[in-house]
Structure formats: structure tokens, C-alpha cells
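Asker: Structural data only, the sequence is not supplied:
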């Protein structure tokens, strides 16, 4: 996660989120996810992306996330090769337009969000790929 | 310790892959060429090998200098000097010399591994070999009064004689003293093709004897192009066997006759030609030696990436063909297009297989790096070691092999330095004075497994525990399991050694081993018994391969079970459920449904089952019947590994098929899951 550059403002799992463009490989249309039998927590399945399996995040397994209200229309592919299903793309926020603050300690999203980005009167949770991956690994270790 | 000088504009990151690959190729060439020196060879073959090694170390020196690694460059220069002494005949190729050189090359290779990981340069990469190299250099020092020089016997113009290098002086002298005539072949070649033609001549003349030099020559007045004099030492030169095209060959001449060397000088020859001690073998068999028979084609990283991209494209094309085949099958009754597409799909699978095969190398090439290192370590530590390898014929991807080398060398160094006891201690314990180090490779389903076993003292768990408490990794009063204690040694900076030796014990390395293996999606397992020895097991999945599977269906999803683990398939009228016992060939086996193993909703009953056995077990120690909804058939599938975040117990990977992804089961893991599930049933009762 970076506080430099620009951010993609998206709606995912019913939340307004900011994804740093520096953390993104690309955003592509949603593919049919092949569910993994006995899937690990946090991963709903895989899609074939550029000839390889790409794991797709299961928002519902993450603390502070609800069951998505709408089907995802796209997926943001993070640099560490993880697909984030998103329901809507709202726009791009540039650095001068945004201010940052730390996420509240009691916010259940602390496990995967690196802070809050304030822009256009909205507080967006900043998705932190490092924290998210660490959380997914922790899930696996706990199993 | 000096830090590497990083020239402006150079960053040692992924973009340096080309450079690392080039280093790697040079080391492979050096090791293969050194290996040929261990076998008896004709003198000219030995000379060609030594020349090749000289060039390789020269290139290594230059590359390191360019990249700003002065210590490495210095060490490569020292090795280059040794090869120079050999090619000038001042050092004989003996087993101990070759061993020292192998250890030197290995030390440089290991050093490159460290640089690649961003480590600082050591002051002297060849420090452990300092004594041996010093002895060699002293041995090769010319005697008082200087060396004999017979180049004046060559029938060449004075200017040409003056231009001869020290190497050419030495070789000409040495060859004449050994009774070998020196011939000259004058050729004139076209500008456009001279380099290729020179190579052709070089190869052809190499089959006669030792090509000493390629000297520039005057072009005849009536000709255009480039002229050369090829100086070759051989007993006989047949013009008809030269690959001359029309007009190329200007003439042949005997440049020096050894019969004219005074008898007194011949007797003074102190250093015989490099292979004198060894029984020469016929040229034909020498030509078949591995270094000559295998042509190494070095590709820049971007070309390899392009090849990988083509492989991926073929895979995607085949996926598309599979899906199209399925849709057409549903939509049309006409079989012809489907048959054609089926052929296309088969053809693409064949292409995929052959492309996959191109990326594979034998595990043997990894073992070949370990052997000289163990010999050197054995000598340096005074511990005799019996080293055995198993499974060298297995193949793995070249990229994986490159990443395994450094962890392996580290583990082997540790095993010899810390694991094996000195001979006196072993004798006192009633053990053989020679320690045993066994390294084996085996394939378990889609996993490759390496075992490194020694019969040494084992891990000192009490000391590990104390050190763990000291480092804050354990709490005093904790009662950690032996497994946990073994794993502590994989933590960064963990070492129980008070003083590091030159070989190991700095607490750097085991964490690198773990990081590298985990990055490959694998794991490291350590175990040991006091005074009985240690086992380090590395296992990791191969990223892609074609696997023969039994296809089954469960809970509406297709699954594949690698055929190597399928003992028997049975389907009938009888309905069975998880926890039942089934009779198979007179034996009673426990049955568990595949659904229960994978945590899927259990079916009411199943009419088919597959008996799974432990793969590779001589006598199948564990067998379980796995209940499935339907047996579909068998087939070959292109397996893709699951990325680390999607690792799922019991699933080895998947393959894109007509009906979606077919999940390929990991038989060993399935056996474990089935037994766990059965135990839970018993516990519930």
C-alpha cells in the first residue's frame, strides 16, 4: 500500500474502498470462479488468468466484511497475484485530493486495511495488500 | 567487509536475470569441462578443455569486474591464472589438481549465489582453498634460469615469431619436446563467412590434434578476404580430410620437426604434456565424452521468457479448444467438426508436452555440483565421507534447479561440518570412521522430494532450546516438541555455534533454505536422532506437468487421481458409505467418501470406490478405499499447480477441461485426510 500516486475508488463487499494503482496489475472483467473443494478461508476459488490459476478473494471471510449485495462486475488483480472482486468502479482519486489517517484500532478491517483515505466527503478504507496476504496466510496457519 | 560497488545505472534486481543466467551457464560449462579432465583423454582433448576453462574464468573475471564485484573478479583471476599455468604445461592435470579446481569453481559459484541474494562480497572467495592454490602456484613457478623455448624452430617469418604469445611459446616447446610435429595450414576466407568457416576448420583440425593458434596471414595479391595460418600439433595431417571449399586452402607446411630437437634438450623436459600419466583413449571415444557430445545452447532470459509465453499461449489455446469442443458437442449432432477439434486438442497436448520437456533438466546436474564440494569439505575437515546419490535421473525445471543449488550446498556443508563427527569420535561411539551422507530425490505425485540424510550426531535439541530462549523465540518453562525445536533452526540468525567455522555456523543460511523452498510452494522438514543422524527433507510441487489420471466425479465436480497411486477401481451394485469396510481381493479395507475427505456435504451412498495406496512404497503399507460418485475413465491432463494462497489440503493442482477445472488429488495427502476423517467417525461413535 502506498500513500503516493493515485487510487482507484471502488465498491466491494458493500464498502467504499481505495486501491492504490501502484499495487495493481490490472482490472479485468469478472470471470467465472471455479470453487476450490475444501477451500482455504479467505479464498473462494480460482480463475484462469494469463494461463495460470489466480486465487480470488472471498470478501465474506474477512473481518468487517458482509456478504456482497451485488454480483461482482470486475476483478482488480493485485501485484501479489490475488484477484479482488469488485462490484462497481467509481473513479480515480489523485494524491492532492486525498488526506489520510490511521484506521481505528477497533475497526475489524485493521487486518487488511492500511488506513482511511478521505476524499470527496467520504472515508474510504485503503486496502493494504501486504496486510491482506498476511491475514490470508494466518487463516491458513490457524486451520 | 567491503560492500559491492554498484556502478551507476546497475541495480541487482530481477532485471539482472540475464546476467545471473549467464553466470550460471558459465559455471555449468566449467563443471562439465572439469569433469572431462577426470577421465583419461588424448593430450589435445585435455588441452582444449583447459583452454575452455581458461576462457570461462576469464569471462567470469570480466563480468564480475563490469558489475563492480572486485573480490570476485580477483578470485576468478586467480583461477584463470591456474588454468593458464595448466595450458602452458606448467601444471599437470592430476586428480588432486582437478579436485582443487572443482572446489574453486564451486566457491565462485556459491559466491555468485550470495551476490544474487544481495550479500556483501567476502574478502577472499577462495579463502578455504588458499593453501592448495598457493602450493599449485609454487609448483608451477619456473625454475631458475627460465624456461626452455623452441619456437625459433618454427618455419615462420621473424615478425610472426615475435608476435607469438607466451602461451604459444610454451605449447610449441612442450609439444616439440614430447615428439609432436607442428604443422601450418594456410587458408583464405571470405569476409562474409570467415568466422563460421574458421569454426569449421577449428573443429576439423581438432580431430587431428591440438590446434595451438590461429595467426593472421598475408592475403595473396590476387585474392580478397582474410587469410590465416592455423598452427596445429599432430603426427599426421591429411589434406583430403580438411573441410576446404574451393579456393580456400592456400597450402600446408611442416613448421617444426621434433626430430630436429637436440636429444639433450628432450631429456631436460621437466613437465610432460598434461595427459601423460593417463592412458589415452581413441579419438572416437573422446569425441563422445559428455562435454563434446552435449551442445550447450545459451538463451538470453527474454528468449526463455518468450518460450514460456508460447507455452502458456499453447495452454490457453488448448483450454479454448476444450471448451469449444464441449459447447459444440452439446449444440450439434454432427460428429465431424468435433472429431477435428478432438484431433486439434490432442495435437496441442503433444506440443505442450514437448515444450514442457524442453524446460526439464536432470537432478543429476545438481548432484554433480555437490560431489566435488563434499570431497573438498571431507579433506578440509579431516572427516572421511561416503557420499551416495539416488534419483539423479529425475527431471525438474531448469529454473527450479537454479534456485535449489544454493540451499543444497548450504545443507550439505552443514551436514559435513556440524552433523558428522570426527573419525575418532565416531570410532569411540562404535560407528564406522567414515561418515555417511545420502542424498536422494524422488517424485511423490506432483511433488518432488529431496532427502539429505547423515549418520552423524543429530541435532542437539537441548542446546537449540537454550538458544531459542536466549533469542526470545521460546519462553523459559515451555515444553516445545522436538519438531518445533528442529524448526527453530530455520529462523533467521539462529545458530548454536559459539564460533563459526570457515564452512558454516554463522546462523545465516537455514532461513535462506526455508525461504527458497517456501517460495517454491514447498516445505522443509527436519528430524534427527541423537547419535543416529539427521534427515532434512525438502519437498515442493513441480509447477506444471502432464499427469496420467483416473478421472472420477464427486459432488458434481470432476477430479483426477494420479494413476501411480491407484491400486484398484471397483464399481458395483452395493451401496457403501464412509466408515464402511469393503472387501477387495479378500482383504478388508476402510472406506471414506471423497466428499468427507474434502469437507464437502456427504452423499447418501456411493457405488464406486478407488483403492489408494502410498506411491512408491514397495509393499503398500497404507491402503484406503475412496468412495466416489462416478468413475469417468482415464486420461492425460496438463496439471497446473495452485498458487500458494490457494493451497488446499488434498488438492495437488488443477487442469482446465471441457467441463471446467478438474482438480487433481494429492494421493499421499488424501490418504492422510481419509484416515483423519475415519478417526473422527470412530471418535464420534
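Answerer: That came in fine, so what should we check first? Being a predicted model, the structure only gives us computed values, none of them experimental. Residues are numbered from 1 along each chain as shown, chains lettered A, B, ... in the order given.
Asker: only C-alpha atoms for contact and neighbour calcs from this point on.
Answerer: Noted.
Asker: Tell me which residues touch the most centrally placed residue in chain A, please.
Answerer: Nearest to the mean C-alpha position of chain A, by C-alpha atoms, centre = their mean, lies residue A:84 at 4.9 Å. Shown in contact with residue A:84 (C-alpha atoms under 8 Å, 6 or more residues apart in numbering or on different chains): A:56-57, A:75-78.
Asker: Can you tell me the SS state at it?
Answerer: Assigned by DSSP: H, G, I helix; E, B strand; the rest coil, the conformation of residue A:84 is strand.
Asker: Now do the residue of chain A found nearest chain B against residue B:648, distance only.
Answerer: At 5.0 Å from chain B, residue A:38 is the closest residue in chain A, using C-alpha to the nearest C-alpha. Taking C-alpha to C-alpha, to the nearest Å as the measure, residue A:38 falls 7 Å from residue B:648.
Asker: Kindly state the beta-bridge partners for the residue nearest to the centre of chain A.
Answerer: Beta-bridge pairing for residue A:84 (DSSP bridges): residue A:76.
Asker: in the helix or strand where residue B:515 lies, what counts as buried?
Answerer: Using DSSP states H and E, residue B:515 sits within helix B:510-519. For helix B:510-519, the neighbour count (16 or more other C-alpha atoms under 10 Å in any protein chain shown) marks B:510-518 as buried.
Asker: What segments of the stretch 151-300 of chain B are strands?
Answerer: B:182-189, B:210-217, B:226-233, B:249-256 (DSSP state E, counting those that start in this stretch).
Asker: Could you export the ones you listed as TSV, including mean pLDDT and mean neighbour count?
Answerer: As requested, the strands of the stretch 151-300 of chain B are arranged in TSV below (pLDDT from 0 to 100; neighbours: other C-alpha atoms under 10 Å in any protein chain shown):
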stretch	mean pLDDT	mean neighbour count
strand B:182-189	92	24
strand B:210-217	87	19
strand B:226-233	90	23
strand B:249-256	87	16
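Asker: So which of those is nearest residue B:94?
Answerer: In terms of C-alpha to C-alpha, the element of these nearest to residue B:94 is strand B:210-217, at 19.7 Å.
Asker: Strand partners (parallel or antiparallel) of the closest one?
Answerer: Using DSSP bridges, the strands paired with strand B:210-217 in its sheet are strand B:226-233 (antiparallel).
Asker: what about the partner strand, distance to the chain center?
Answerer: Centroid displacement of strand B:226-233 relative to its chain, using C-alpha atoms, centre = their mean, to the nearest Å, is 38 Å.
Asker: quick one: the helices in the stretch 551-685 of chain B?
Answerer: Along the stretch 551-685 of chain B, the segments classed as helices by DSSP state H, counting those that start in this stretch run B:594-598, B:667-684.
Asker: Flag whichever of those has the least confidence on average.
Answerer: Mean pLDDT is lowest for helix B:667-684 among the helices of the stretch 551-685 of chain B, at a mean of 89.
Asker: Please see if stretch B:342-353 touches chain A.
Answerer: No: using C-alpha under 8 Å from any C-alpha of the partner chain, stretch B:342-353 never reaches chain A; the gap is at least 12.5 Å.
Asker: quick one: contacts of that stretch?
Answerer: The contact list for stretch B:342-353, computed with C-alpha under 8 Å, 6+ apart, reads B:311, B:314-315, B:317-318, B:321-322, B:325, B:545-546, B:638.
Asker: can you tell me which of these are up against chain A?
Answerer: Counting by C-alpha under 8 Å from any C-alpha, residue B:315 from the contacts of stretch B:342-353 sit close to chain A.
Asker: Between the contacts of stretch B:342-353, which sits nearest residue B:431?
Answerer: residue B:545 (43.2 Å).
Asker: Quick check: which ranges of the stretch 551-685 of chain B have low pLDDT?
Answerer: Where the stretch 551-685 of chain B drops to pLDDT under 70, the residues are B:615-621, B:685.
Asker: Around chain A, which positions in it sit nearby?
Answerer: So the stretch 551-685 of chain B meets chain A at B:598-600, B:640-643, B:645-649, B:660-661 (C-alpha under 8 Å from any C-alpha).
Asker: now that we have these, which one has the most neighbours?
Answerer: residue B:646 (27 neighbours; other C-alpha atoms under 10 Å in any protein chain shown).
Asker: Please, where are all the helices along chain A?
Answerer: Along chain A, the segments classed as helices by DSSP state H run A:129-142.
Asker: what residues does it put near chain B?
Answerer: Counting by C-alpha under 8 Å from any C-alpha, chain A comes close to chain B at A:34, A:36-40, A:43, A:45-46, A:50-55, A:136-137.
Asker: which of the residues you listed count as buried?
Answerer: Neighbour counting over the residues of chain A next to chain B (16+ other C-alpha under 10 Å) leaves A:34, A:36-40, A:43, A:45-46, A:51-55, A:136-137 as the buried ones.
Asker: residues touching residue B:200, list them.
Answerer: If a contact means C-alpha under 8 Å, 6+ apart, then residue B:200 has residue B:243 as its contacts.
Asker: where does it sit relative to residue B:183, distance-wise?
Answerer: Look at residue B:200 and residue B:183: by C-alpha to C-alpha, they are 18 Å apart.
Asker: likewise residue B:229?
Answerer: Per C-alpha to C-alpha, residue B:229 is found 10 Å from residue B:183.
Asker: contacts for stretch B:177-194?
Answerer: By C-alpha under 8 Å, 6+ apart, the residues outside stretch B:177-194 that reach it are B:154, B:172, B:175-176, B:197, B:217, B:219, B:224-235, B:237, B:247-259, B:261, B:265-266, B:269, B:272-273.
Asker: Any idea how far apart the tips of it sit?
Answerer: End-to-end distance of stretch B:177-194 (C-alpha to C-alpha): 33 Å.
Asker: Can you get me a residue count around residue A:29?
Answerer: A count of nearby residues for residue A:29, using other C-alpha under 10 Å, gives 12.
Asker: scratch that, residue B:404 is what I was asking about
Answerer: Residue B:404: 17 neighbours (other C-alpha under 10 Å).
Asker: Report pLDDT for it.
Answerer: Note on residue B:404: pLDDT of 83.
Asker: Can you name the residues that contact it?
Answerer: Counting by C-alpha under 8 Å, 6+ apart, residue B:404 has contacts B:516-517.
Asker: where does it fall, helix, sheet strand or coil?
Answerer: Applying three-state DSSP: residue B:404 is helix.
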